[in-house]
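# model the structure of this input:
(one chain, ligands or ions: 1)
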Amino acid sequence: MRDVAVIGVGMNKWGELWDMSIRDIFTEAALKAIDDSGVDHIDAMYIGCMSSGLFVGQEHLGSLMADYLGQGNIPASRVESACCSGGLAFRSAYMDVASGMNDIVLAGGVEKMTDVGGDGATYALATAADGEYEVYNGATFPGLYALMARAHMERYGTTRKQLAEVAVKNHDNGSKNPLAQFPFKTTVDGVINAVMVADPLTLMDCSPITDGAAAVILCPADMIGKYKNHPAVKIIGSGHATDSIALHSRDDFTSLKATEIAGKKALQMAGKKLSDINLCEVHDCFTIAEIVVTESLGFFEPGQGGPAAEAGDTRIDGKIPINTSGGLKSKGHPVGATGIAQIYEVVSQLRGESGERQIKNAKVGMAQNMGGSGGSTLVHILEVI
Ligand code: COA
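All right, here's what the predicted structure looks like:
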């Protein structure tokens, strides 16, 4: 396998983008990444998108986006793995370059979710849960994560306040991110007293419905000298794992097995220990998700994710900064784009380009992106060289 570097990143301002179509949204981010890298063409493209058919009535995105981007005729594929479609697009692009098949590959992600109403968005998202057992019986993602939260509270004593601390921290970070959908700050009381969505999760424990895209450009590490003179960021670890989609089929739903496995695989491939990681973007689709993911990756012992959030260990100046971008909670969650936006944040931090939210001495960063209630997970590790 060849060593692979990320040489360009691009992302647009996320939110309700009424005046842009899905192709406009994707192309804006892709052109920014192309511009950031300095490449004059791309050889292949992978686009993470969960459900453009249900959200905007458009499938066949690979060809559509290649054509709209002015790169018609290149091999271009749409990649789907629910909310980790972006992470999977990144891994597909990585394997494409590493294998020697193509040199300059764009990995992107896009979703336009706000053209349908709340019911339509909930229906489209729920297609990533177990249709015959969970969805048939009325479960939605806020409901499934509420079950996980209740189980975690019961087993470990995780408190309502600890869940709220995750949202407070992510909105603090998001307030420093000009591309975030909800860059406002909040408080523990503001989270707890927001309208209830699925007990114990309120509106402020949930990631929002978002339109947005992100894109990155990959090339063989020995070719980076040909392009723009950014600090070189190499992909050093990639882990991918799956689990039962349905919560009831798992041995335990206070931890996430696919995240545990993917995290270990990525670390092993990178030849790193968790203590080498300087920052991590995780999939906080709900506040409880960030707590369980940080435990499942091994940053904290089971049951210690909540106390760690409360103690400030995951803040920008904490022991392990988590979601410096604002996470899905504040930055937004256009599901197919999220995994690529996590890579955007890690690369920006490793290059020292994160402005007000820049962490000190960022050398190695991790991104964890998961689908549904954890039925699929991608973990990537990147290092600045
Ligand atoms: N955080 C903070 N504020 C939010 C928000 C969020 N997650 N979602 C919406 N808002 C705000 C809106 O800006 C709006 O504010 P305004 O009245 O000042 O304009 C208000 O809350 C109502 O917005 P609306 O779009 O009507 O909310 P909704 O009730 O239709 O949807 C949720 C709220 C939480 C149900 C919806 O965002 C949701 O389903 N989130 C989870 C998404 C999901 O499951 N993703 C996949 C994860 S696996």
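# confirm that K161 sits in a helix.
Yes. Residue state for K161 (DSSP: H, G, I helix; E, B strand; the rest coil) corresponds to a helix.
# residues in contact with it?
Residues in contact with K161 (CB atoms under 8 Å, 6 or more residues apart in numbering) are 188, 192, 310. C-betas here are computed from N, CA, C, even on glycine.
# distance check, it against D205.
Separation of K161 from D205 (CB to CB, to the nearest Å) stands at 12 Å.
# likewise for N278?
Using CB to CB, N278 is found at 27 Å from D205.
# now for G118, how many residues are close by?
9 (other CB atoms under 10 Å).
# which one of the contacts of K161 is nearest the ligand?
I192 (13.5 Å; CB to the nearest ligand atom).
# which element follows the helix or strand Y344 falls within toward the C-terminus?
Here Y344 is covered by helix 335-351, with elements defined by DSSP states H and E. As assigned by DSSP H and E, the chain's next helix or strand after helix 335-351 is strand 364-371.
# the next helix or strand after that following strand near the ligand anywhere?
Downstream of strand 364-371, the first helix or strand assigned by DSSP H and E is strand 376-384. No. Using CB under 6 Å from any ligand atom, strand 376-384 stays clear of the ligand, with a minimum separation of 11.3 Å.
# adjacent strands (with direction) for strand 376-384?
When pairs are called by DSSP bridges, strand 376-384 turns out to pair with strand 233-242 (antiparallel), strand 364-371 (antiparallel).
# please name whichever of those is nearest to Q268.
Smallest distance to Q268 across the strands paired with strand 376-384 (CB to CB): 7.6 Å, for strand 233-242.
# please save the CA atoms from the closest one in CSV.
In CSV, the C-alpha atoms belonging to strand 233-242 read as follows (Å, rounded to 0.1, in the frame of the first residue of the first chain):
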residue,chain,number,x,y,z
VAL,A,233,-1.2,15.5,6.8
LYS,A,234,-0.9,11.7,6.4
ILE,A,235,-3.6,9.1,6.9
ILE,A,236,-2.0,6.7,9.3
GLY,A,237,-4.9,4.5,10.5
SER,A,238,-8.3,3.4,9.2
GLY,A,239,-10.7,1.1,11.1
HIS,A,240,-14.2,0.0,9.9
ALA,A,241,-16.6,-2.3,11.9
THR,A,242,-20.3,-3.1,12.0
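# now do the buried residues in it.
233-241 (16 or more other CB atoms under 10 Å).
# D172 and P183 touch, don't they?
No. Counting by CB atoms under 8 Å, D172 sits too far from P183 to count as a contact (10.1 Å).
# circling back to that earlier point, any chance of CSV for the contacts of K161, columns pLDDT, secondary structure and neighbour count?
Formatted as CSV, those follow (pLDDT from 0 to 100; DSSP: H, G, I helix; E, B strand; the rest coil; neighbours: other CB atoms under 10 Å):
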residue, pLDDT, secondary structure, neighbour count
V188, 98, helix, 17
I192, 98, helix, 16
E310, 98, helix, 20
